[in-house]
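Undergrad: my questions concern the predicted model and sequence given below.
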Amino acid sequence: MRLAAALLLAAGAASAEEGLRCAPDHPVLCENIHVSCAGRSRVPAPGFTVLFSGQRAAVAFAGGEVWDAGVSRSHSGVVLRPEAGRDWVRLAPDGRFSLRRYRDGRALMAAGACREAGWLR
């Protein structure tokens, strides 16, 4: 399980680098991903790549937005948060992710799956 190892390395003090490529399940962000994408927005749900380096991660979204994100443990994996803002990505050891973005006064969500992308090194 290299993916799980990458997440554990990212949450610990390791300096090994691992890359992930993540794709959303739905084409748009939703107000509630837990109820079949209820409250669909018109905001596209971005795919993204993650490159871990110790306690930091570079998160590059489709469309050009890039986060220099801190990496922290959560009860269900690791959480990536940019230095500024309230948005976050939670990565589970099984490769699933959830994304929370705050846009136009609304909390919008996406969920999907990540796979290893060793070529990102």
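TA: Okay, I see it. All of these numbers come straight from a predicted model, not from anything done at the bench.

Undergrad: buried ones in the longest strand along the chain?
TA: With secondary structure taken from DSSP state E, the chain has its longest strand at strand 106-116. Neighbour-count burial for strand 106-116, counted by 16 or more other CB atoms under 10 Å, picks out 108-112, 114. Every residue, glycine included, has its C-beta placed from N, CA and C.

Undergrad: bridged to the residue nearest the centre of the chain, which residues?
TA: Computing the C-alpha centroid of the chain and ranking residues by CA atoms, centre = their mean puts residue 89 first, at 3.6 Å. For residue 89, the beta-bridge assignment (DSSP bridges) gives partners residue 80, residue 99.

Undergrad: got the contact list for it?
TA: 22, 48, 50, 59, 69, 79-80, 97-100 (CB atoms under 8 Å, 6 or more residues apart in numbering).

Undergrad: would a markdown table of these with neighbour count, distance to residue 31 and pLDDT be doable?
TA: A markdown table is the format used below for these (neighbours: other CB atoms under 10 Å; distance: CB to CB, whole Å; pLDDT from 0 to 100):
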| residue | neighbour count | distance to residue 31 | pLDDT |
| --- | --- | --- | --- |
| 22 | 23 | 21 | 96 |
| 48 | 25 | 20 | 97 |
| 50 | 27 | 25 | 93 |
| 59 | 22 | 22 | 95 |
| 69 | 21 | 24 | 95 |
| 79 | 18 | 20 | 94 |
| 80 | 24 | 22 | 95 |
| 97 | 22 | 18 | 95 |
| 98 | 18 | 13 | 94 |
| 99 | 24 | 13 | 96 |
| 100 | 17 | 11 | 95 |
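
Undergrad: any chance you could map the strands in this structure?
TA: Counting by DSSP E, the strands of the chain are 19-24, 28-32, 38-44, 48-53, 56-61, 66-74, 77-82, 88-91, 96-103, 106-116.

Undergrad: okay, now the sheet partners of the first one, with direction.
TA: This means strand 19-24. Partners of strand 19-24 in the sheet, by DSSP bridges, are strand 48-53 (antiparallel), strand 106-116 (antiparallel).
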